[in-house]
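Asker: Mind folding the following:
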Amino acid sequence: METPTWQLICAAVALCACAPLHGAASDLSFQGYSGLLEIPDASVTPEGQLRLHYNNDIESVSALPENRTFDTAENYVVTAGLWDRLEFGGRLANAFVDSRAEGTRRTDLSASFKLRLFDYKWFTAAAGIADFGGEGVKLQARYGVLSANLPWNLMASVGLGTGPDRLDGPFGGVQWQALPFLSLLVDYDAEEANYGIRAGHTFANGVRLSATAAGTSASDLGPSGSITLSIPLSLMRTAPPPPALQDQSSESNSRSATRVSVVPSKSANDNQAEGRAEPPISNLQVFASTDTPRNSLIAWQKRGLLEPLSSGTTERRALEAVEYRYGVPVRESGAKSARWSSQFRRLRAPFEAPVRGELRISPFLRNIVGTETGTFEYSLAADTSARAQLPLGLGGYVTYTGAIAESDGYRDGGPFARRRIESDLKQAALQWAFHPLPGLMGLISHGESRIEEEPYVFTHADFALLLDGGRHRFRFAIGDYTPLDELNLPDRETRIAEYRFLWTKPQLFVELQRGDYFFGDEGTKVEVSRFFGDVNIGLFYQRDDDDNEQAGIAFSIPLTPGGETRVGPVVLSGDPDWRYTLSSTFNTDSGENLVRPTDLLEPLPSYSLVGDVLDRDRAVPAYIIGN
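Answerer: Below you'll find the predicted structure:
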């Protein structure tokens, strides 16, 4: 006799209940923080993970003006696990009336964070704020929440919110992990009850894809759905191929990227004669000429090329690598007795820097997110740079911008048409990079540059003083910009002073900057960022002397998957430091998030001191030793 369907369901439920209890899987809620459906739980986005989320939940934007009249909603969320207890996210909420009819859009661009306070046995506590800071807050919530992992793969969360727009009162919910890939959820958000189902799968590389379908007790709201993609940032790490080893006795090649000299190892008898009990050491010296910014020593170590043998083996290797970047020596690092050492390049060491070339392609994007004119207005182009690198730090480059596409807002007659990217020569400059004393570096650039679509002749001098192996960096930059003769524009100048501290073990950077910027404004910038592999994520805040404030999140990503490509003496690469920021303005008289894309602007050369020569501040001895 055929087994009834309900018996099969009961058997499946009983089998799941008897499985090892790992608790319910955490995901993003419709509100953008980690949680159930409309409420948070005490979990946070895992450290080093990026979550991308979309949902069409109208309930999540019901606190916007004209609530209950919306018939369409769009919510775009990105969150990052900056620490094992800290989650930070950004959210763009759009609501429409009458199927996006003109004049009925309601938009909110907001940020949120959640801090996991403590873990005690089977429960966890957290607190957070959604849509915090500034004048344009519309979906603000402050809350504390307690979550407990219970038997039978249940997780319960209870909390208290103080609103004022969302979570205004007690809230709670339960999530049941019915199957390894399926959860059932129900919650109460201090206003409505919600119920739903969530399915998800984690792939072997750690990427997780999940989807949620939900309903609500509100009679005038229909069902909602969401999709979330979770990406471990370590997957986005790039590593250059190991340098080709070449014996010193072999034929010399002036275009070779590396030179390796092998010193014969001492025999065991020699060691005994000298009264040494240690095993013999073979010395391998690698001179690396790195003309594109790469954190090469760590990459080579992880690929096994420079990894020292343990002290208990019959033979150990003493390795020394001298790195050049853009024609100048930067640091020398070594491995002996399974220990790394590193210091800034000594001037007495032999100098070797072959003539090299580089072709680089990088996207150039101007965009406005979350305005009343549209969800995402953009002007997209591609920057193509050709660079010739000569000895002694001398070099020159040309960068051409080719327009690709733009949205209606950047076309003629649009609100942002003045900032549309045009196809034209972007920069052409000569450069001199130098490292006269250990820890004192500089880059001087002179040429022509288009800044905000206007051409200037520019001179930019950038100096960095690095102390304690690079843990402390003091930067001073001066820029002078003269418009071309036929343009009736004023001369411009920039004067920047900057301090940066490197906390090596978590790869955390704290940066403070103060100066006079391109459009005559003065102000201060603060940024805290962290590396996960080659991906850098940071939070920044800036304020000018007129009390205009901005804050947001920044992503810096290398766009050369799998490492650079070499064709003879020419390197083909993408941008090693492509940066994207998402920010919101504060303290406006209108109470809205105004667009200020040129506040505190410092135009930099296509090849910069910190981003390229110092490899985003990683080409310092402290970074090698600390990792």
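Asker: CA only for contacts and neighbour counts going forward, please
Answerer: Will do.
Asker: what comes into contact with the helix or strand harbouring residue 81?
Answerer: Following DSSP states H and E, one finds residue 81 within strand 72-83. The contact list for strand 72-83, computed with C-alpha atoms under 8 Å, 6 or more residues apart in numbering, reads 30, 32-33, 44-58, 61, 87-97, 99-100, 530, 537.
Asker: Let me see the contact set for residue 430.
Answerer: 394-397, 445-447.
Asker: who wins for most neighbours among those?
Answerer: Among the contacts of residue 430, residue 445 has the most neighbours (other C-alpha atoms under 10 Å), with 24 neighbours.
Asker: ok but that one is inside a strand, no?
Answerer: Yes: using DSSP: H, G, I helix; E, B strand; the rest coil, the assignment for residue 445 is a strand.
Asker: how about the helices of the stretch 501-627 of the chain, start to end?
Answerer: Ranges of helices in the stretch 501-627 of the chain, per DSSP state H, counting those that start in this stretch, are 621-625.
Asker: Show me what counts as buried in stretch 515-533.
Answerer: 515-519, 521-533 (16 or more other C-alpha atoms under 10 Å).
Asker: Same question for stretch 437-446.
Answerer: Quick answer for stretch 437-446 (16+ other C-alpha under 10 Å): 438-446.
Asker: start to end distance for stretch 157-177?
Answerer: 14 Å (C-alpha to C-alpha, to the nearest Å).
Asker: hang on, the earlier thing: just put the buried residues of stretch 437-446 in TSV and tack on pLDDT.
Answerer: Formatted as TSV, the buried residues of stretch 437-446 follow (pLDDT from 0 to 100):
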residue	pLDDT
438	89
439	92
440	94
441	94
442	95
443	96
444	97
445	98
446	98
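Asker: Verify the contact between residue 610 and residue 620 for me.
Answerer: No: in this structure, residue 610 is not within contact of residue 620 by C-alpha atoms under 8 Å, at 10.9 Å.
Asker: So the two - more neighbours on which side?
Answerer: Per other C-alpha under 10 Å, whichever of residue 610 and residue 620 has more neighbours is residue 620, with 26 against 18.
Asker: Residue 455 is in contact with residue 447, correct?
Answerer: No: with contact defined as C-alpha under 8 Å, residue 447 does not reach residue 455; the gap is 10.7 Å.
Asker: Show the average pLDDT along stretch 186-206.
Answerer: Across stretch 186-206, pLDDT averages out at 91.
Asker: mind listing what's buried in it?
Answerer: Buried, per 16+ other C-alpha under 10 Å, within stretch 186-206: 186-190, 193-200.
Asker: now the nearest residue to residue 605 once chain neighbours are set aside: how far from residue 397?
Answerer: Distances taken as C-alpha to C-alpha, 6 or more residues apart in numbering place residue 445 nearest to residue 605, at 7.2 Å, with adjacent residues excluded. Residue 445 sits 10 Å away from residue 397, going by C-alpha to C-alpha.
Asker: In the stretch 201-350 of the chain, where is pLDDT below threshold?
Answerer: 235-321, 334-340, 346-350 (pLDDT under 70).
Asker: dump the residue contacts of the closest residue to residue 580 other than its chain neighbours.
Answerer: Using C-alpha to C-alpha, 6+ apart and skipping the chain neighbours, the partner closest in space to residue 580 is residue 555 (5.2 Å). Each residue near residue 555 by C-alpha under 8 Å, 6+ apart is listed here: 535-538, 579-581.
Asker: Which pair in the residues you listed has the greatest spatial separation?
Answerer: 535 and 581 (13.6 Å; C-alpha to C-alpha).
Asker: tally of neighbours for residue 424?
Answerer: Residue 424 has 14 nearby residues by other C-alpha under 10 Å.
Asker: typed the wrong thing, it's residue 43
Answerer: 25.
Asker: which ones are touching residue 570?
Answerer: Applying C-alpha under 8 Å, 6+ apart, the residues contacting residue 570 are 356-359.
Asker: what's the lowest-pLDDT member of those?
Answerer: residue 356 (80).
Asker: Run through the bridge partners of it.
Answerer: residue 389 (DSSP bridges).
Asker: My guess is it contacts residue 386. True?
Answerer: No: using C-alpha under 8 Å, residue 356 is not in contact with residue 386; the gap is 11.0 Å.
Asker: For residue 150, see how far away residue 489 is.
Answerer: Residue 489 is 68 Å from residue 150, by C-alpha to C-alpha.
Asker: what about the two, which has more around it?
Answerer: It is residue 150, of residue 489 and residue 150, that has more neighbours when counted by other C-alpha under 10 Å, with 16 against 12.
Asker: Tell me the predicted confidence for that one.
Answerer: 91.
Asker: Spit out the contact partners of residue 330.
Answerer: Taking C-alpha under 8 Å, 6+ apart, one finds 322-324, 344-345, 435, 619-620 in contact with residue 330.
Asker: What is the most widely separated pair among those?
Answerer: 322 and 435 (13.8 Å).
Asker: what residues are shared contacts of these two?
Answerer: Between them, residue 322 and residue 435 share the contacting residues 329-330, judged by C-alpha under 8 Å, 6+ apart.
Asker: and those two? which has more neighbours close in?
Answerer: residue 322 (27 against 21).
Asker: Leaving aside the residues adjacent along the chain, what's closest to the more buried one?
Answerer: Nearest to residue 322 is residue 332, by C-alpha to C-alpha, 6+ apart, at 4.2 Å.
Asker: buried ones in stretch 530-545?
Answerer: 530-544.
Asker: Which pair in those has the greatest spatial separation?
Answerer: Longest span within the buried residues of stretch 530-545, C-alpha to C-alpha: 533 and 544, 32.9 Å.
Asker: Strands along the stretch 451-600 of the chain, start to end?
Answerer: 454-467, 472-483, 492-503, 508-516, 522-532, 535-544, 549-557, 565-567, 570-574, 578-586 (DSSP state E, counting those that start in this stretch).
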